[in-house]
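Engineer: Mind folding the following:
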Amino acid sequence: MLNIVILAAGMGKRMQSTLPKVLHKIAGQPMLTHLLRTAQSLSPDRLMVVIGHGADTIRQAYEGMPTSAVNFVLQTEQLGTGHAVGQTSDQLLDDDKNSLTMVLYGDVPLVQADTLRNLQAAANQGLALLTETLSDPTGYGRIVRHAQGHVTAIVEQKDATDTQRLIQEVNTGMLVAKTALLKKWLLALNNQNAQGEYYLTDIVAMAVSQGITIQTVQPQAHYETLGVNSRAQQATLERLWQNELARRQLEQGVTLIDPSRFDVRGTLICGRDVSIDVGCVFEGDVQLAEGVSVGPHCVLQDVIIGSGTRIEAYSHLSNAQVGADARIGPYARIRPGSVLGDRSHVGNFVEIKNTHLGKDSKANHLAYVGDADIGQRVNIGAGTITCNYDGVNKYRTTIEDDAFIGSDTQLVAPVRVGAGATIGAGTTLTEDAAPNSLTLSRTKQVTLSTWQRPAKTK
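Structural biologist: So this is what the prediction gives:
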């Protein structure tokens, strides 16, 4: 049986923000979200988040989460880590002697599931600590061991002797304890210290006094134990995590032109031989099939891209699907609800919104196509727009297979262009166009030979 307690009640003064610290983002997701996902991957029997400052804001941020998934526990006064965990004591499940409780921190968001599983497995004697060995341990509590190597105490920096300050193994704060023991230790905590707070680390001395051998586990990566207390630390952790995400993509065979200029703010799944140029941002759930190429400085949000498709520089795609061997951009914008068929082309300064663009159809230059159903092998000329909005309602435009839409055409929806139809350049189409015919609307061209250009008045 496993309880997980996440401490998230702190104010985060150094963030200089009205937003609760744990809701500040790493890789596009609140820090607390990262930790909740990791915790849930361990299948805990009870998951609790201790909140205090900004409690209502945190609750609202997770309103859509099933109530059984997480229990929020209010800490009305912030009196230390031991006091925070103590607020959950009466909710900790301990129906069997092997019940464990894991304590995590909402501002240490990137600890990995494998590390936590190792920590859980090490708690069989009663208490296991997540520690780390640092080249510069300044500011951290030191892990003190006796000659046989067993942990005897955690000594804070300010209380450490000169010899103890040379110790490089430090406490991260994360731990797993047998629940029955933890409940007893929490009741025995006191606040007889300079800060007047109840420290969770005091349970280490209690365990040692009871003859319990304390186990320690170290993380595989340094970023797993880094906390965020300032904007600078947030920026540092963001780049460390992006470097890790880039490393994982490289191991899967993705070509990153510069891994240091790569940002994922969600989930990115890539097929073989995908190539990503510099400055690209991937948000939400993005899937790139085999052989996809993404040019520099593109933004892709919640999209599925088919195999062999090229997305050229500075293109933005959101909530859309693109088929195989398509060509998008440069400077194209594909907006929500759009589905682009195989071998379709959307060129520079073209905006597509809520539109189905059929196979082999093209809109290569300076066009707006919104709320439209476009068949196969259709050509949409430069400067074409679908006039889909009358100021109150939106209407759809239908263009059937093999139609040709001349440049500078306005299609006033609702309107239909028949299969094989040609719309002459400069036409404003307000009625359906017959299939396999030329439709155009132009005023008669007139030349006035006696006209003179006005002269500037002196």
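Engineer: Return the residue of this protein that is most distant from the centre.
Structural biologist: residue 450 (66.8 Å; Cα atoms, centre = their mean).
Engineer: Just the buried positions in the lengthiest helix in the chain, please.
Structural biologist: The longest helix of the chain (DSSP state H) is helix 231-251. Neighbour-count burial for helix 231-251 flags 234, 237, 238, 240, 241, 242, 245, 246, 249 (criterion: 16 or more other Cβ atoms under 10 Å). Just so you know, the C-beta spots here come from the backbone N, C-alpha and C atoms, and that holds for glycine as well.
Engineer: And stretch 369-378, how far out from the chain middle?
Structural biologist: Distance of stretch 369-378 from its chain centroid, counting by Cα atoms, centre = their mean, to the nearest Å, is 32 Å.
Engineer: Pull it out as PDB, backbone CA atoms only.
Structural biologist: Output of stretch 369-378 as PDB, limited to C-alpha atoms (Å, rounded to 0.1, in the frame of the first residue of the first chain):
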ATOM      1  CA  VAL A 369      -9.300  29.800 -46.800                       C
ATOM      2  CA  GLY A 370     -11.700  29.400 -43.800                       C
ATOM      3  CA  ASP A 371     -14.700  27.100 -43.200                       C
ATOM      4  CA  ALA A 372     -14.200  25.400 -46.600                       C
ATOM      5  CA  ASP A 373     -14.500  21.900 -48.100                       C
ATOM      6  CA  ILE A 374     -12.000  21.700 -51.000                       C
ATOM      7  CA  GLY A 375     -11.700  18.700 -53.200                       C
ATOM      8  CA  GLN A 376      -8.800  17.100 -54.900                       C
ATOM      9  CA  ARG A 377      -6.400  18.800 -57.400                       C
ATOM     10  CA  VAL A 378      -7.800  22.200 -56.800                       C
END
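Engineer: Mind splitting the protein into its structural domains?
Structural biologist: 2-225, 231-439 (automatic domain parsing).
Engineer: what's the first-to-last distance across the first one?
Structural biologist: Distances were taken as Cα to Cα, to the nearest Å; on that basis the terminal residues of domain 2-225 are 21 Å apart.
Engineer: and what of the shortest one?
Structural biologist: As for domain 231-439, its first-to-last residue distance stands at 60 Å under the measure Cα to Cα.
Engineer: ok, residue 283 touching residue 298?
Structural biologist: No. Using Cβ atoms under 8 Å, residue 283 is not in contact with residue 298; the gap is 11.3 Å.
Engineer: what about the two, which has more around it?
Structural biologist: Shown here are residue 283 and residue 298; by other Cβ atoms under 10 Å, residue 298 has more neighbours (23 against 19).
Engineer: Please give me every residue in contact with the more buried one.
Structural biologist: 277, 280, 281, 311, 313, 314, 315, 316, 317, 329 (Cβ atoms under 8 Å, 6 or more residues apart in numbering).
Engineer: among the residues you listed, which are in strands?
Structural biologist: 280, 281, 311, 316, 317 (DSSP state E).
Engineer: Now mean pLDDT and distance to residue 455 too, for the domains of the chain, in a markdown table please.
Structural biologist: What follows is the domains of the chain, written out as a markdown table (pLDDT from 0 to 100; distance: least, Cβ to Cβ, whole Å):
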| stretch | mean pLDDT | distance to residue 455 |
| --- | --- | --- |
| domain 2-225 | 93 | 61 |
| domain 231-439 | 97 | 31 |
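Engineer: could those domains go into a markdown table alongside distance to residue 456?
Structural biologist: Formatted as a markdown table, the domains of the chain follow (distance: least, Cβ to Cβ, whole Å):
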| stretch | distance to residue 456 |
| --- | --- |
| domain 2-225 | 58 |
| domain 231-439 | 32 |
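Engineer: if we can go back for a sec, closest one of the buried residues of helix 231-251 to residue 11?
Structural biologist: residue 234 (15.4 Å; Cβ to Cβ).
Engineer: mind listing what that closest one touches?
Structural biologist: So residue 234 contacts 15, 24, 26, 228 (Cβ under 8 Å, 6+ apart).
Engineer: one more time with 7 Å, if that's ok
Structural biologist: 24, 228 (Cβ atoms under 7 Å, 6 or more residues apart in numbering).
Engineer: Phi first, then psi, for the closest residue to residue 438 other than its chain neighbours.
Structural biologist: Ranked by Cβ to Cβ, 6 or more residues apart in numbering and with sequence neighbours excluded, the top spatial neighbour of residue 438 is residue 422, at 4.8 Å. Backbone torsions for residue 422, taken as degrees, to the nearest 10, come to phi -120, psi 130.
Engineer: Residue 158 too?
Structural biologist: Dihedral angles (degrees, to the nearest 10) for residue 158: phi -70, psi -20.
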